[in-house]
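> Take this sequence and fold it.
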Amino acid sequence: MQEEIRRREDAERQQRVEDERARAEERARAAAEAAAAPPPAPEPAPEPAPAPEPTSAPAPVAEAEPAPAAPTISVQARPFRPVERPVIPAPQPKAEEPKVEAAAPAPTPAPAPTPAPAPVAAKPVSAPAPAVPTPPVLGRDPSMPAPRRFSPVQRPEIPKPAPKPAAAPAPAPAAASAPSGNASAPSGGAPRSMPSGQPTPRNAPPSRPQQRDRKGDERRGGKLTVNRALNEDGARARSLAALKRAREKEKRGFGGPREPQVKQVRDVQVPEAITVQELANRMAEKGADLVKALFKMGMPVTMTQTIDQDTAELLVTEFGHNIVRVSDSDIDLALDTSEDAAESLQPRPPVVTIMGHVDHGKTSLLDALRGTDVVRGEAGGITQHIGAYQVTLKDKSKITFLDTPGHEAFTQMRARGADVTDIVVLVVAADDGLMPQTIEAINHTKAAGKPMIVAINKIDKHDANAQRVRERLLEHDVQVEEMGGETQDVEVSALKKIGLDQLIEKIQLQAELLELSANPDRAAEGSVVEAKLDKGRGPVATVLVTRGTLKVGDVFVVGAESGKVRALVDDKGRQVKEAGPAMPVEVLGLSGVPQAGDLLQVVENEARAREVAEYRQSVLLQKRTTSAPASLESMFSALKANQAKEYPLVVKADTQGTVEAIVASINKIASDLIKARILHSGVGGITESDVTLAAASGAPIIGFNVRANAKAREIAERNKVALKYYDVIYDLIDEIRAGMAGELGPEAFETVVGRAEIREVFSAGKIGKAAGLLVTEGVIRKALKARITRNDVIIYQGEINSLRRFKDDVAEVRAGLECGVTFTQNFTDIKPGDYLETFEVELRERSL
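Below you'll find the predicted structure:
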C-alpha cells in the first residue's frame with residue numbers, strides 16, 4: 001500500500017512541475033503577442049493594462065525560455081492533464097482582458113470584450129499544427145503510472161482517456177474552456193485518444209479502436225477484473241496480507257532466509273502394545289523415521305510389527321511429543337479397594353482352605369468334616385464337580401471349605417490379589433511327618449499372610465509321633481502353641497473322627513479374632529474357584545462371593561468373559577435366587593470359560609460388560625502376539641538357540657533323592673540339536689494337575705515307582721497324554737534318549753557316486769539343450785539325483801531326464817566314457833566347463 005501511495009505522489013509531483021512549466025511558457029508567448037499587436041482604440045482600455053502586469057510579473061520565469069526542450073508544447077495538449085483544474089482559477093484577478101482569458105481559462109467568460117478574442121484566438125488555432133509531433137519529446141507519458149518497484153504481482157494504474165478537443169476551430173475561450181469540462185464523459189462522435197495521447201481518426205470504425213485500446217490497456221495493466229472495472233482509478237487496492245506475501249516471495253527469490261516451521265507437539269496415547277505404523281500415525285511422523293530410530297537403538301523391526309509400551313514411550317519422547325499413557329481405568333473396571341461403611345458391615349462365614357500332602361489324609365479329613373453337616377439332605381452332600389462347599393454347624397454357624405487346595409491355584413489367586421482364603425488348615429501325617437508338598441504349602445501360606453492351623457492327622461496309627469511333627473515344623477519357622485508359639489495345632493483322626501470338634505472350635509476362634517465381615521447390600525464381587533465347560537449347561541464357573549450379593553439376572557464381567565446370571569446352584573445342587581458373602585455357587589450364563597482366580601464384578605448393563613470383556617480380550621491378544629524387539633545380539637543368540645529343540649517332560653518319583661538323580665541324568669542327555677526341559681518334578685503319585693500341565697505342553701509323564709490315580713488316568717486318556725512307568729533308572733534314561741533322538745527324526749547322509757565334466761552343449765529339439773559329458777570319476781547313473789556346479793557353486797539340483805551313449809539309452813556310464821544327458825525342469829543354463837555330480841542320500845537314525 002505504501003509503495004502505491006509513494007508512486008502516486010511521485011507522478012503528481014512531476015505532473016505539477018510540467019504544468020507549471022507549460023503555464024509559464026504560455027504566459028510568455030501571450031505577452032510577446034500582446035506586445036507585437038497594435039494598441040486598442042478605446043482609451044480607457046489600456047488603463048487596466050497594468051492589471052495584467054502582475055500576471056506577466058512571472059516574466060522572470062520566462063527566463064526559462066532558454067531551455068530549448070519545451071517551446072513546442074501547445075495549449076491543446078493540456079486537456080490530457082486533469083490535475084491542472086484546481087490551479088487555473090487562482091492567477092485570474094480580472095475578467096476584462098481577453099488575452100488573459102485566452103491564456104488562463106476561467107469558469108465564466110467575460111462578456112464585455114467579445115470582439116477582441118476573435119483575432120487573438122485565430123492565431124493559436126493554427127499554432128497547434130506544428131505542436132502535434134512534439135509529444136514524443138517527453139521521456140514518458142506523465143499520465144501513466146510509475147514503473148513497479150519490487151512486486152511482480154502489482155497491477156499498474158490504467159491511464160484515463162484524454163479529453164476530447166474542440167470539434168472545429170473556435171475562439172480561444174472555447175478552446176481554453178475545453179479542459180474544464182468533464183474528461184471522463186465522452187460524447188458520441190468525438191474522437192477518442194489512444195494510450196499514447198494521440199487522437200484517433202474521426203472516420204475510423206468504433207469497434208477496432210476499442211479493441212486496440214483494450215489490448216493496449218491489458219498489455220499495460222493486466223486482465224480486467226471486477227475490482228478494476230468498479231474502481232475509479234483502475235488500480236486494485238492490495239491487502240496487507242498480499243503485501244506480506246509479495247515481500248516473502250521477493251526474499252525467497254533473492255535467497256533470503258526462510259522462517260523455520262515450528263514443530264507441532266502432540267499428545268500421543270500409548271497403549272500396552274501398538275504397531276510401528278499406528279504409532280507413526282498418532283505422532284504425525286513418517287513410519288520410515290520410526291523404523292530408522294528403532295534400528296539405531298539396535299531393534300530391527302518392520303512397519304507392521306508390534307512393539308511394547310516402553311519402547312513406544314521411548315520413541316514418543318525422542319521425537320519430542322508428549323506421552324499419554326492409556327490406563328486400564330479408562331476402559332477397564334478398576335478393582336474396588338474402598339472399604340464399606342462400618343454400619344453396613346455384617347458378619348460372614350470364614351473361608352477355610354485345607355492343604356497338605358495327598359497321602360496325609362486330606363481327603364479323609366474333608367469327608368469327616370462334611371459328615372458334621374447337620375442339614376445334609378437326600379441329595380447327599382456336595383457334587384464332586386463343585387470346588388467349594390459350605391457346612392452348617394450345630395450352632396447354625398457356617399464355614400466355607402475350598403476343595404481346591406492345590407498350591408498352583410492358591411498361588412495364582414494370591415498373585416492376582418484375589419486370595420479369598422481366610423484360614424489355612426495344614427494337614428500333616430503323624431507317621432510320615434513333613435513332605436516336600438507340605439513344606440511348599442507352608443511357604444505359600446506365609447507368602448499370602450494368612451493364619452494357619454496345623455492338623456496332625458493319623459494319630460490313631462501305632463507309629464504316629466505328633467511331637468516329631470511339631471519339632472520338624474520348627475525348622476520352617478512354624479512354632480505351635482505347645483512349643484511356645486502362636487500357631488494353633490490339633491491332633492485329629494479323620495478315620496476315627498477324633499478331634500474334629502476341637503478343629504472346628506479352633507477355626508471359629510480364629511475367625512472371631514479376624515472379625516470377618518462384609519457388606520451384602522452392594523454390587524457383588526467374587527473370585528472364580530474352578531471353571532469348566534459342561535456339555536449340557538455350557539460354561540460353568542464355581543464362584544466364591546466376597547462382597548455384596550449375587551442375584552439371578554445380574555450382568556457381570558469375569559476375566560475376559562462377560563455374561564448374565566441365568567441360574568445359581570449351591571453346593572447341595574439346589575437352585576438359589578441369590579448368594580451372599582462367603583457363599584460358593586455355580587454360575588451359569590457365561591460367554592466363555594474363565595480362568596481360575598479371575599475376579600467377577602457386577603456391572604450396570606450388558607453393553608458395559610461387553611465393552612470391558614472385548615477390551616480385556618484385545619489386551620490378552622496383544623500380549624500374546626507382542627514380541628519385544630530383538631537386539632542384534634539377541635538375534636544371533638536366538639539363531640543359535642533355535643537350532644536346539646526342546647523335549648518337555650514331567651517327572652514324578654517316590655523319593656526326593658530319586659527325583660534329583662533322574663533330573664540330573666536327563667539333563668546330561670542334552671546336545672546341540674535337542675535338550676530336555678523339565679516342566680515339573682515332584683515326589684508322590686501322578687495327580688490330575690500333573691496330567692493337565694503335561695497336556696498343555698504335549699509332554700509325556702515319567703513315573704518312577706509311582707502310579708497315576710483313577711481320575712488322572714481318565715484325564716490322561718481324554719487328553720492323550722503318555723504315561724510311562726519305570727522301576728530301573730537305566731531303562732528310563734535309555735528310553736528318554738531314544739525319544740529325544742526320534743523327535744529329531746532320521747539323519748540324512750549324502751554319498752557322491754559319480755562326477756563328469758561337461759565338454760559340449762548342443763540342441764536337443766523340444767527338450768531344450770543336451771550336455772556332452774566325459775565321466776571322470778565313479779559312475780553316472782540315471783536313477784540317482786544330480787547337480788551341476790559352476791565354479792564350485794551349485795546352479796542346478798534335480799534329476800537326469802535321459803542318459804544316452806551314442807544313440808542308445810543306458811542306465812549308467814562308467815569313468816573314462818562319454819555320454820549325453822538332458823535334465824528335468826527344462827534346465828538349459830549349461831555351459832562347457834561345468835561339472836555334473838550324481839549322489840545318493842541315505843537316512844539313518846540319530847543317536848545321542
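> May I see the buried residues of the strand of greatest length in the chain?
In the chain, taking DSSP state E as the definition, the longest strand is strand 747-763. Buried residues in strand 747-763, counted by 16 or more other CB atoms under 10 Å: 753-758, 761. In this view, the C-beta of every residue, glycine as well, is placed from N, C-alpha and C.
> Any regions of this structure where pLDDT drops low?
Applying pLDDT under 70 to the chain picks out residues 37-237, 254-261, 325-337, 358, 372-387, 403-419, 623-644, 655-657, 848.
> where exactly do the helices run in the stretch 501-650 of the chain?
Remark: helices assigned in the stretch 501-650 of the chain by DSSP state H, counting those that start in this stretch are 606-625, 632-641.
> elements contacting the first one?
Using 3 or more CB pairs under 8 Å, 6 or more residues apart in numbering; DSSP states H and E as the contact criterion, the elements in contact with helix 606-625 are strand 273-275, helix 328-331, strand 555-558, strand 561-569.
> I'd like the ones you listed laid out as TSV, including distance to Ile666 and mean neighbour count.
Listed next are those as TSV, based on distance: least, CB to CB, whole Å; neighbours: other CB atoms under 10 Å:
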stretch	distance to Ile666	mean neighbour count
strand 273-275	37	20
helix 328-331	42	12
strand 555-558	40	24
strand 561-569	39	20
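> quick one: which of those is nearest Ile507?
strand 561-569 (25.5 Å; CB to CB).
> so what strands line up beside the closest one?
If you go by DSSP bridges, strand 561-569 pairs up with strand 555-558 (antiparallel), strand 575-576 (antiparallel), strand 584-590 (antiparallel).
> Relative to Ser618, how far out is Arg282?
Distance of Arg282 to Ser618, computed by CB to CB, to the nearest Å: 17 Å.
> need the strands for the stretch 401-550 of the chain, in chain order.
Counting by DSSP state E, counting those that start in this stretch, residue ranges of the strands within the stretch 401-550 of the chain are 423-429, 452-457, 488-491, 517-518, 525-534, 538-547, 550-551.
> and the closest residue to Ile498 other than its chain neighbours, how many residues sit next to it?
The shortest distance from Ile498 to any non-neighbouring residue, by CB to CB, 6 or more residues apart in numbering, is to Val492 (6.0 Å). Residues near Val492, counting by other CB atoms under 10 Å, number 27.
> got it, and Ala31?
Ala31 has 18 neighbouring residues, counting by other CB under 10 Å.
> And for Leu843?
Counted with other CB under 10 Å, the neighbours of Leu843 add up to 9.
> Packing partners of whichever strand or helix holds it?
Assigned by DSSP states H and E, Leu843 falls within strand 835-844. Contact analysis of strand 835-844 by 3+ CB pairs under 8 Å, 6+ apart lists strand 747-763, strand 769-781, strand 785-790 as its packing neighbours.
> and the shortest one, which strands flank it?
Sheet pairing of strand 785-790 (DSSP bridges) gives strand 793-805 (antiparallel), strand 835-844 (antiparallel).
> Same question for it: list its buried residues.
Across strand 785-790, burial judged by 16+ other CB under 10 Å covers 785-788.
> list the contacts for Ile780?
753-754, 756, 773, 800, 803, 812-813, 819, 821, 836, 838 (CB atoms under 8 Å, 6 or more residues apart in numbering).
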